[in-house]
Every structure is written in structure tokens, then in C-alpha cells.
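J.: got a structure for you, letters missing:
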């Protein structure tokens, strides 16, 4: 089945095949076509061979009953030979064609203007058809017509748009809309529809018949449920010449702005005089309209703000974080506040502040000097050191040694020592070369004596090496001679003679050297034996 409502039709684009050529009656939009003549509308072409009709469909919008409206259409011979239009069959209640005398001959390329009229006899939608036959083809040529008959009356609305402005969420705003039959005929308003969140109407029952010149008032309401802009439309539907009249609706829902602070108070605890402590506070607009902060007044010695540029506008739901600072200039407890002034419902928002200024402590090092004495090169010696705080807590931020042979262990930075307390640490001396060494241990803190020094001294001693030699004793021997060489196999030099012992300690060796030892026996007459087996010795370095 085919639809011929203008929303469904695309003029000039339909091609149908004629299956029937007669209708028993016209139909309206409110009544579907009877079953029998449905085939009449099933055309596959808007042309019959070279004979064409343009447009193939005509739509007459609202035409008052008893009045008439015309639209043009053209019959055209698009072929190379003459065409004779023989007949026109009409099934179109209220429609007519003028300018056509049949039979009619059209030369090749000739175009004939037809004037199609619509004079509705009833109110509502009407469909029709004109069917042309010619000697050009056995296929007939249709011209579809559609129209809508209405009463000769119009509805006017005043005002044509309604703006409710700003309305608080959950509350209602109302305005009046006037409907008027501004013509000389009665009309019927069948519907008054409203679309758009929060919009409504009241005070008008439909269907409603308006006599000529009669007016009625409709109450239009806006009750926003959420903040923000809303838009909608009021539609008045009637059987008049202007069947749908629209009124635009708009309004803005708002929740009064509310400003909150997190945290609502800030406690800085104890802060040493001359130092500062920072905390953060966040302002949040919990309403649905923007809030502008115009002032932030701070009271209390030592309190201040950072990162808060004014004026500051916060949109609905927006947050902003700024810094609060406590820098005591003297010892003692201090209280204060931040007074945030804005255009929110809570126009003045307080944030309480508190802190305690403490005098700078004294930092102590015991002992103030350390002497490690003599320590072998490459070896280590450690000594204890006590770090203390008096007056108030002291925080040590770093420590440095002016000589890398001295190191500090047993603590990590920053190190805080409570007032009256001490912390043990360890100082270590590891000489890398022989000779005297000295350094200063420098401690940096927040104490009044912010930098403290500790004197460090020590001596690096070269290691003493020796070679212990021993051999098997002989009963017939009067003594032993000991020889030493710097190369394997000699030559050797005597380092001890007439030894009566079977062992010897060579203390004259040097670090990093290799030595080779041999021994001989000597009898009572002074005769000396050959060299014994060779014994090597390598002295470590250093």
C-alpha cells in the first residue's frame, strides 16, 4: 500500500503503474481509502511513454471550505512525433483542471500548462487523481492531487514567546497565554500540548470551540526540578487555516549558591619563631548558580593567605584551593580567622585559625672536638657523639664533613630532637694515607645557633710488616746464618749470622716487595754449609 501524505511524498520522484482508473469517492485523512479502489494508487510511472506530467503530484495545504486555490502542472511531449491526448478521467472530489480541451495534439517538445484547482467541500484531508490517455502508449498517465480543507478561521496567540526568567528549583512561576479566534468563522481547538521539562498548562479544557473574535486564557507554568536553562514549546492545534500555532517557552532553574570551606578550621600546632607552616583550605560552591567571592579578610598575628586572587567566581559545583600560612614573630598562642565574603546565601563564611609560636631551641654537640689518635691506613676507628636540643625542639636538616676520611652514621635527615633530649650518633675516621688529618663536622638546623661545628682530628699510620722465619734445628750445628734476596735464586745478602735459634723475625721489609730467604749451618770450627731450600715472602701494600 502507498501513502500520499506530503511527509511521505517526494514530488517529481514517484513512478507508478496504473492498475485501476476509477474511484467511487474521495477520501479524507481521518478515513482510510476503501478496499476496492486501493489499486488506483498503485502507479509505477508518472509518464506514459513520451507523454509526461510535471509535477506528478500536487499538494494543496490548508484551504478554507468554500474557497479555492490553484497550482500549475504541465503536460509535455518529450518524443520525436506528435502525440494526441485523448481522454482525462477524474476521481478527485473538490479538484478540477482548466486549460485542457480534448482531444489535444502536442507537437514534439510542446508543453501544455494545466491549472489544477482545489475547492474543498469538507473539512479534512482529501486525495484525488487525474488519469490521461493518449495515442503515445497503452500506459495511462496519472496526476495525483492532495489537499486539506479547513474552516475559514485562524488562531492567534499572545504573547508568541514566554520567558519565565530565573525560578528557584522546586518553586513555580506562572504566566498567561491568550488564544483568540481572529476571524469571522468559528473554529475548534482540539489540543493544547506542552513539551519541555518543568513546563505545564492549566485552565483550558479541550476540545474548545471559539466563536469569531472570542478569546480564552491559558495558564502556563514553569516548575524547575534542577538548576540550569530549560526550553520548551506550547502547541495549539485547531481546524483553522493555521492548524498548529507554537509558542516558545524558556526559563532558568536555580538553587541559591552556598559556599562551604574544607576544613572549616586550621590548627598549625607549634611553629618556631622565624619559621612558617603552610596548610590548605578549599572553597566549594554547593549550589546551582555561580558564586562570586569578593573578600577574604584575615585576622590574627602571623596568619596570611596565598594563592587566592579576588574577586573569584565559582560556578555551580566548582571548588578552589588556596594556602593558609602561620609565621609567628614571637612565642605564644595565637588565634585568628579568615572571613570569606561572597554573594552566596551564607554571605560571610568563617574559617578559624590557631597556632603556637615557640622560641628557637639551642643545638648542642658533645664533645665539640674528637681526636681519633693514630689509625692504620685503610683501617677505621669510631667514636660516639651526642646531639642535643634545649629550650625547644630542634630539627637538623643536614650534616657535612670537610674531609671524606671522616663519616657520620646513626641518623637520617631531617632529624627532630625534642627539647631536653639527646640523640647518639657515630663518627668514624678511616685514613686513606699516612699523616695527620683534620676536618669540621657542620650541622645545619632550625635552632638559634643554626650551624654548629665539631672539630675532628686523627693520624693515618702506615702499617708495620714483618716476616716470621723458622727452620728445623740440627744437633751438630754451632749456629745459623740467614740470607735474603730480591730475586728468585739470588743473589742473597746475609741479614743475620751465628744465630743460635731456629727462628727469626725480619722487620726490615717494605710494603709491596717480594723477598726470597735461604739459611746455612755453621759448625764449631766456623765452616758453613751450602744454602738451604729457598723460602719466598710477599709483603702486602701498603
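T.: That came through, no problem. Predicted, not measured: the structure shown is a model, and the values here were computed from it.
J.: give me the low-pLDDT residue ranges for this protein?
T.: 1-46, 542 (pLDDT under 70).
J.: Give me the domain ranges for it.
T.: 36-150, 155-254, 265-358, 362-461, 467-538 (automatic domain parsing).
J.: Verify the stated contact: residue 274 with residue 360.
T.: Yes. Here residue 274 lies in contact with residue 360, judged by C-beta atoms under 8 Å, at a distance of 6.3 Å. The C-beta positions use only the backbone N, C-alpha and C, and glycine is treated the same way.
J.: Which of those two has more residues huddled nearby?
T.: residue 360 (20 against 14; other C-beta atoms under 10 Å).
J.: Do I have it right that that one meets residue 419?
T.: No. Applying C-beta under 8 Å as the test, residue 360 and residue 419 come out as separate, 11.1 Å apart.
J.: give the contact list for residue 339.
T.: Neighbouring residues of residue 339 by C-beta atoms under 8 Å, 6 or more residues apart in numbering: 295, 296, 297, 298, 299, 348, 349, 350.
J.: Pretty sure it sits in a helix.
T.: No. If the criterion is DSSP: H, G, I helix; E, B strand; the rest coil, then residue 339 is strand and not within a helix.
J.: Give the residues shared as contacts by residue 274 and residue 360.
T.: Common neighbours of residue 274 and residue 360, using C-beta under 8 Å, 6+ apart, are residue 446.
J.: how many other residues sit next to residue 164?
T.: So residue 164, with other C-beta under 10 Å, has 22 neighbours.
J.: what about it, distance to residue 248?
T.: 12 Å (C-beta to C-beta, to the nearest Å).
J.: now swap in residue 292 and tell me
T.: 31 Å.
J.: and what of residue 170?
T.: From residue 170 to residue 248 the distance is 24 Å (C-beta to C-beta).
J.: neighbour count winner among those two?
T.: residue 248 (14 against 11).
J.: what's the helix or strand for that one?
T.: strand 244-254 (DSSP states H and E).
J.: ok, and for that strand, which residues are buried?
T.: 245, 247, 249, 250, 251, 252, 253, 254 (16 or more other C-beta atoms under 10 Å).
J.: Let me see the contact set for the last one.
T.: What that stands for is residue 254. Residue 254 neighbours (C-beta under 8 Å, 6+ apart): 166, 167, 168, 169, 224, 227, 287, 288, 289.
J.: Dump those to JSON lines, plus secondary structure and distance to residue 392.
T.: Output for the contacts of residue 254, formatted as JSON lines (DSSP: H, G, I helix; E, B strand; the rest coil; distance: C-beta to C-beta, whole Å):
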{"residue": "166", "secondary structure": "strand", "distance to residue 392": "57"}
{"residue": "167", "secondary structure": "strand", "distance to residue 392": "60"}
{"residue": "168", "secondary structure": "strand", "distance to residue 392": "55"}
{"residue": "169", "secondary structure": "coil", "distance to residue 392": "55"}
{"residue": "224", "secondary structure": "coil", "distance to residue 392": "59"}
{"residue": "227", "secondary structure": "coil", "distance to residue 392": "53"}
{"residue": "287", "secondary structure": "coil", "distance to residue 392": "46"}
{"residue": "288", "secondary structure": "coil", "distance to residue 392": "50"}
{"residue": "289", "secondary structure": "coil", "distance to residue 392": "50"}
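J.: out of these, what pair is the most spread apart?
T.: The distance between the two most remote of the contacts of residue 254 (C-beta to C-beta) is 14.6 Å, for 167 and 287.
J.: Which SSE is immediately downstream of whatever helix or strand residue 296 lives in?
T.: Using DSSP H and E, residue 296 maps to strand 291-299. The helix or strand immediately downstream of strand 291-299 is strand 303-306, counting by DSSP H and E.
J.: Any idea how many residues pack against residue 348?
T.: Residue 348: 12 neighbours (other C-beta under 10 Å).
J.: Check residue 535 too.
T.: Residue 535 has 15 nearby residues by other C-beta under 10 Å.
J.: Could you measure from the residue nearest to it when sequence neighbours are not counted over to residue 304?
T.: Once flanking residues are discounted, residue 535 sits nearest to residue 517: 4.6 Å by C-beta to C-beta, 6 or more residues apart in numbering. Distance check for residue 517 against residue 304: by C-beta to C-beta, it reads 83 Å.
J.: go on, residue 89?
T.: Residue 89 sits 97 Å away from residue 304, going by C-beta to C-beta.
J.: now swap in residue 170 and tell me
T.: In terms of C-beta to C-beta, residue 170 sits 41 Å off from residue 304.
J.: ok, now residue 196?
T.: Distance from residue 196 to residue 304, by C-beta to C-beta: 50 Å.
J.: now swap in residue 282 and tell me
T.: In terms of C-beta to C-beta, residue 282 sits 18 Å off from residue 304.
J.: Likewise for residue 250?
T.: Taken as C-beta to C-beta, the span from residue 250 to residue 304 is 46 Å.
J.: ok, back up a step: which one of residue 517 and residue 304 has more residues nearby?
T.: Higher neighbour count among residue 517 and residue 304: residue 517, with 22 against 14, using other C-beta under 10 Å.
J.: What residue, apart from its backbone neighbours, is nearest residue 447 spatially?
T.: Using C-beta to C-beta, 6+ apart, the nearest residue to residue 447 is residue 363, at 3.8 Å.
J.: returning to that earlier point: out of the buried residues of strand 244-254, which one sits closest to residue 335?
T.: Among the buried residues of strand 244-254, and counting by C-beta to C-beta, the member closest to residue 335 is residue 254, at 37.4 Å.
J.: Now do the nearest residue to the closest one once chain neighbours are set aside: how many residues are near it, please.
T.: Nearest residue to residue 254, sequence neighbours excluded (C-beta to C-beta, 6+ apart): residue 289, at 4.5 Å. Neighbours of residue 289 under the rule other C-beta under 10 Å: 21.
J.: Please renumber the chain so that the first residue is 24 from this point on.
T.: Right, with 24 as the first residue, what we last looked at is residue 312.
J.: Now do residue 312 against residue 293, distance only.
T.: For residue 312 relative to residue 293 (C-beta to C-beta), the value is 42 Å.
J.: and what of residue 237?
T.: 84 Å.
J.: all strands of the stretch 174-323 of the chain, in order?
T.: 178-181, 184-191, 196-204, 210-218, 222-225, 231-233, 238-245, 251-261, 267-277, 282-285, 288-295, 300-308, 314-322 (DSSP state E, counting those that start in this stretch).
J.: nearest to residue 511, of these?
T.: strand 288-295 (72.4 Å).
J.: For the strand holding residue 319, name the packing helices and strands.
T.: strand 326-329, strand 335-337, strand 355-365 (3 or more C-beta pairs under 8 Å, 6 or more residues apart in numbering; DSSP states H and E).
J.: Mind listing what's buried along it?
T.: Buried, per 16+ other C-beta under 10 Å, within strand 314-322: 314, 316, 319.
J.: Does the residue nearest to residue 470 lie in a helix or a strand, and which?
T.: Using DSSP H and E, residue 386 sits in strand 385-389.
J.: Distance from that strand to the middle of the chain?
T.: 52 Å (C-alpha atoms, centre = their mean, to the nearest Å).
J.: got the buried residues for that strand?
T.: Neighbour-count burial for strand 385-389 flags 385, 386, 387, 388 (criterion: 16+ other C-beta under 10 Å).
J.: Can you list the neighbours in contact with that strand?
T.: Contacts for strand 385-389 (C-beta under 8 Å, 6+ apart): 408-414, 417, 419, 440, 464, 466, 468, 470-473, 475-477.
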